[in-house]
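Colleague: Here is my input, please return the structure:
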Amino acid sequence: AIPPLTESFETRLKRAEQLYADQKLEEAWAISKELLIQEPKSVPALFIASQIMAARNNLAGAIQLISQIDPADPQAGPAATGQLSEWLARSGDLPSAEAKLRGLLKQYPTAVPALRLLTAILHAQGRRWDAGKVLDRIIRLGDFTTPDLMSLVDLHDPSDEQELRTAFEKFAPDNPLSQLGEVRLRLYADRWKDCIDRLAALTKSNPQQLEPWIWYGEALLETAQIDKLPGWLKTPPEGHLRHPEYWYIAGRYWMLESKWDTAARCFAESLELDRRHIGSIQSLSECLMELRLPEQALEVREQDGKLVRIKDLTNQIQRGSAKDQAYFEIAKLYEQFGDQVLAFGWEVIALAQTKQPIPQNLIALQKELQAGKVFASPTLEKLPYKSWPLPDSQSASLADNKDQSEQVQSTESSAIRLDDVAQSLGLATAYDNGSKGNKHWTTLEGLGGGVSAIDYDKDGWPDLFFSQAGDSPLSPTPAYLPKQLFRSIRGTGF
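Modeller: You can find the predicted model right below:
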């Protein structure tokens, strides 16, 4: 029953709060309405009334009520802003929710719930790089989970927030970022050809948007539309120099142009922004070999091996097949890699898993991380990459450079001609790396297969043995294709 108005405002407010806690929403709502009639600007009444309204599935009404609370209110302002941000996100208005959160975090930079919600909002839009920077802050603060660490292993892997993504698509179907979340999931499944036209349209209609432009450039690379890259490079949105994927794509382009020093500089710039970028590390190693720096190339390749091993171990953890030692190994690998943030995070999780106390050196490291200390990348420290030219110093016109390169390639290729005669010789085989677009990366996908030449029957003619993988071991019923041995028929066929 609704209490009589003879009760004090504070008594009825507490009663409404208790009824809300007990999920007696209709009674709680009836009291909260009376409270708002009596004191329409009462912050506690607005707060509890908005919560009751949201619980009654009236999110729009809840947003309208809680928006009346002044964000500058020293008592309820921060909580109201955080709650408003959550409801805006749930309603699909991710841009407004993000703006509210960023304003709140300027005042309260260590508010982990706000950081977590911001991370989810960024993931829902396919903005993994931006989300990674927020997750880095969460780990530095020490309030993190194993999934947080997993999400930072490779920012190319998706981290879907389906509920928020779907709400955003309904709220703003024409916003390019409302479509990018789904597109990024498709790209992870290697559906580049399916998405490139969509990315091209998003980039053309929203030339100021960075993320669609970035992934359109990546799609041009993946679909071998290299002739379009010079035009792409000429039309960057604001902020592109602060995105590691831009530098990676630019580096790949200059590799194709055989501008090894410029390509290497691009990959180094990418690694300054994201030292865990596997593609940039692998490509940098290739460039160093071309620059006749084999020792440095091998050192960089060793760092790549650490990241591949980490990815393999985290996949074991996801499958539930890893032992406690895997957590310690990951922490050690990150420490050797020079990534003190994730080395700290994984060691803390490893100690918690094995119920061990946190040592003083780790507590001291956390204080440094919380203070914002930045650790230099050992991958880059030994390289003279600042002396390598940036793309802008290569040529006034990327398009002219492309034309000249094509002329040189045409001249050089006229002396050598290669024909594909595999089918005519009887070599019918195709390697299946097990990629099925699932959310798990397997070592087989990264390493690939190979072929060996052996004279197994000792007739003097080399025979060919092709390895094979087949389905992903993560599939419910994995099927593996057979390996193939082709016997040479005196060099005339197989």
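Colleague: okay, now residue 154: neighbour count?
Modeller: Residue 154 has 19 neighbours, counted by other CB atoms under 10 Å. In short, each C-beta sits where N, CA and C put it, glycine included.
Colleague: how about it, what does it touch?
Modeller: 276, 278, 307, 311, 441 (CB atoms under 8 Å, 6 or more residues apart in numbering).
Colleague: can you map out the helices along the stretch 251-400 of the chain?
Modeller: 260-273, 278-290, 294-319, 324-337, 340-353, 360-370, 378-381, 398-413 (DSSP state H, counting those that start in this stretch).
Colleague: Indicate which one of those is closest to residue 220.
Modeller: helix 398-413 (12.9 Å; CB to CB).
Colleague: since we're on the spatially closest residue to residue 388 that is not a sequence neighbour, how many residues are nearby?
Modeller: Excluding the flanking residues, the one nearest residue 388 by CB to CB, 6 or more residues apart in numbering is residue 265, at 3.8 Å. Using other CB under 10 Å, residue 265 is surrounded by 27 other residues.
Colleague: any idea how far residue 384 is from residue 265?
Modeller: 10 Å (CB to CB, to the nearest Å).
Colleague: By mean pLDDT, show me the worst of the helices of the stretch 251-400 of the chain.
Modeller: The weakest mean pLDDT among these belongs to helix 398-413, with a mean of 42.
Colleague: just to revisit the earlier point, can the contacts of residue 154 go into a markdown table with extra columns for distance to residue 190 and neighbour count?
Modeller: Output for these, formatted as a markdown table (distance: CB to CB, whole Å; neighbours: other CB atoms under 10 Å):
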| residue | distance to residue 190 | neighbour count |
| --- | --- | --- |
| 276 | 21 | 22 |
| 278 | 16 | 19 |
| 307 | 20 | 21 |
| 311 | 17 | 21 |
| 441 | 12 | 22 |
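Colleague: okay, now residue 250: neighbour count?
Modeller: 26.
Colleague: Check the offset of the helix or strand it falls within from the chain's centre.
Modeller: Residue 250 is located in helix 244-256, with elements delineated by DSSP states H and E. Centroid separation between helix 244-256 and its chain, computed with CA atoms, centre = their mean, to the nearest Å, is 18 Å.
Colleague: between that helix and helix 260-273, how many degrees?
Modeller: 170 degrees (axes from the mean of the first three to the mean of the last three CA atoms, to 10 degrees).
Colleague: Can you point out the buried residues in helix 244-256?
Modeller: Buried residues in helix 244-256, counted by 16 or more other CB atoms under 10 Å: 244-255.
Colleague: Take those residues and lay them out in a markdown table including pLDDT and distance to residue 128.
Modeller: Listed next are these as a markdown table, based on pLDDT from 0 to 100; distance: CB to CB, whole Å:
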| residue | pLDDT | distance to residue 128 |
| --- | --- | --- |
| 244 | 95 | 11 |
| 245 | 95 | 10 |
| 246 | 96 | 14 |
| 247 | 96 | 16 |
| 248 | 96 | 14 |
| 249 | 96 | 15 |
| 250 | 96 | 19 |
| 251 | 96 | 19 |
| 252 | 96 | 19 |
| 253 | 95 | 22 |
| 254 | 96 | 24 |
| 255 | 95 | 24 |
